[in-house]
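1. Here is a sequence with its predicted model. Questions after.
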Amino acid sequence: MKMDTRLEDLIGLEDTKLGFFKEVQIKMRELQESNLKLKEKRQQIQAILDGITDVMAVISLDYRIQSVNHVFYRVFPHPEPQDEFCYRVFRNQDSPCSPCPLSEALETNHVSRQMYIYHLKGENRQFEITASPLRDQRGIPEHMLLLKRDVTVEKEYQAKYYHAEKMATIGLLAAGVAHEINNPLTAICGFAEGLKRRLPRLEERLGDLQNDKKLARDLQEYVETIIAEGHRCRDIVQNLLTFSPRWNASLTAVDLNFIVVDVLKILEHHLKKKLPNAICLDLDPALPRPMGIAAELKQVVLNLVLNALEAIQNQGKITLRTRTRGDDWIVLSVKDTGYGIPEENLDKLFEPFFTTKPVGKGIGIGLSTCYNIIRQHKGEIQVESSAGQGATFRVKLPMP
């Protein structure tokens, strides 16, 4: 049966095609708008991720790194961490860490937090590590999100705050104790000096017998010992008083180079006798004059040099250097080539009454006194050392 194609049929087909094309165009516009929104959302998410200053990594359940943010490349030296094991990239190990924050987060299905110290770019940096599971729609972990936050500066300021607070408390106690001790100590030293002045008259009344001469010598020795130990106690009391805040102290411009040279003059006899070539000076002739109390700063320099002399044990070198650091600090460094300071003692050095010396050789207030003096000068005192590698103490005073 033959059917003729009518004009109406052709027009209907064209209408159908046009309707179909219009529908396709509408769908394409909808897809383009949806893609544009998705692109904007991705850019927004990427901007948020780029704004995070912590190291961020997405890690698979078998400890392989899937992706990292741009902060990773500023902190860690690995150029291509993707598909590498996280313990190799972050800690240069051949097996998972112990304890591992990822394992803990997986086992508990909760956020895990740990602290870890990395040695990066020649210095130790402390990081707070947070691991949390990334779950699917059923709540089952399929990836892990790892955040590493550098808290080094925060911990340093926190330690300084706690130390300053502790020193302030000790200062109040030390001031009370020192003033209470000063009264009987003054009487002891005064009466001992009186006995010493009367000893010649006592010797005149004693006879020329051998026993009488021996008695006079013994009395002379006892009195001198009382006076010497009394003066030593007086110095200790004076050091204790430096823990308490000064009142009405007048600061003047001091010549730090002159203070260093003056301290070495005090030690000249000791140095000539034991270590004539131990001291190396590197003093900046154009050093600005910080505001301070010369007698107290001299005490700081003397303590640091005496500690360095003890550290080198009759051999080695001590370098005293003065410099400016930027526009903020005037720096005095005392560097020795001695036996160094064990890492476990570095945080305790400036604590009052902490000492590694044997009983009778020291009471542990030298460095704590230095710390307190420099703190009252609005400065800082720092130490760098490791066992067997010598030590460097840096005193930083603010620019005038």
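-> The structure has been received and is ready for your questions.
2. C-alpha only now, for contacts and for neighbours.
-> Will do.
3. all strands of the stretch 151-300 of the chain, in order?
-> For the stretch 151-300 of the chain, the strands defined by DSSP state E, counting those that start in this stretch cover 252-253, 279-282, 291-292.
4. can you redo those strands as TSV with mean pLDDT, distance to Leu134 and mean neighbour count?
-> Listed next are those as TSV, based on pLDDT from 0 to 100; distance: least, CA to CA, whole Å; neighbours: other CA atoms under 10 Å:
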stretch	mean pLDDT	distance to Leu134	mean neighbour count
strand 252-253	90	61	12
strand 279-282	91	58	14
strand 291-292	91	57	22
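5. Select, out of these, the one closest to Thr392.
-> strand 279-282 (13.8 Å; CA to CA).
6. Direction included, what does that closest one pair against?
-> Strand 279-282 has the following strand partners under DSSP bridges: strand 318-325 (parallel).
7. Identify whichever of the strands of the stretch 151-300 of the chain lies nearest to Asp62.
-> Comparison of these against Asp62 by CA to CA identifies strand 279-282 as nearest, at 56.2 Å.
8. what comes into contact with the closest one?
-> When contacts are defined by CA atoms under 8 Å, 6 or more residues apart in numbering, strand 279-282 is touched by residues Lys317, Ile318, Thr319, Leu320, Arg321, Thr322.
9. Just grab the bridge partners of the third one for me.
-> Applying DSSP bridges to Thr319 yields these beta-bridge partners: Cys280, Lys335.
10. about what we covered before: out of the strands of the stretch 151-300 of the chain, nearest to Asn124?
-> Taking CA to CA, strand 279-282 is the member of the strands of the stretch 151-300 of the chain nearest to Asn124, at 28.6 Å.
11. Tyr371 is in contact with Phe350, correct?
-> Yes. Shown here, Phe350 and Tyr371 form a contact pair, counting by CA atoms under 8 Å, at 6.4 Å.
12. now the strand ranked longest in the chain: mean pLDDT?
-> The residue-count maximum for a strand in the chain (DSSP state E) belongs to strand 123-135. Regarding strand 123-135, the rounded mean pLDDT is 86.
13. so how far is Asn124 from the most centrally placed residue in the chain?
-> For the chain, Glu156 is the residue whose C-alpha lies nearest the centre (CA atoms, centre = their mean; 5.0 Å). Per CA to CA, to the nearest Å, Glu156 is found 12 Å from Asn124.
14. same question, Leu302
-> The gap separating Leu302 from Asn124 is 30 Å, by CA to CA.
15. For burial, what's the neighbour tally of Tyr63?
-> Neighbour count of Tyr63, defined by other CA atoms under 10 Å: 19.
16. Quick check on Leu302 and Asn124: which one has the bigger neighbour count.
-> Neighbours were counted for Leu302 and for Asn124 using other CA under 10 Å; Leu302 has more, 21 against 11.
17. and the more buried one, backbone torsions?
-> phi -60, psi -40 (degrees, to the nearest 10).
18. wouldn't it be in contact with Val261 here?
-> No. In terms of CA under 8 Å, Leu302 does not count as a neighbour of Val261; the distance is 10.6 Å.
19. which residues are common contacts for the two?
-> Common neighbours of Leu302 and Val261 (CA under 8 Å, 6+ apart) do not exist.
20. Quick check: Met115 vs Val89, distance?
-> For Met115, the distance to Val89 (CA to CA) stands at 17 Å.
21. actually Gly379, not the one I typed
-> Counting by CA to CA, the gap from Gly379 to Val89 is 39 Å.
22. again with Arg323
-> From Arg323 over to Val89 the distance is 39 Å, taken as CA to CA.
23. Quick one: residues contacting the residue lying closest to Gly338 once chain neighbours are set aside.
-> With sequence-adjacent residues excluded and distances taken as CA to CA, 6 or more residues apart in numbering, Gly338 is closest to Ile312, at 4.0 Å. Ile312 makes contact with Asp336, Thr337, Gly338, Tyr339, according to CA under 8 Å, 6+ apart.
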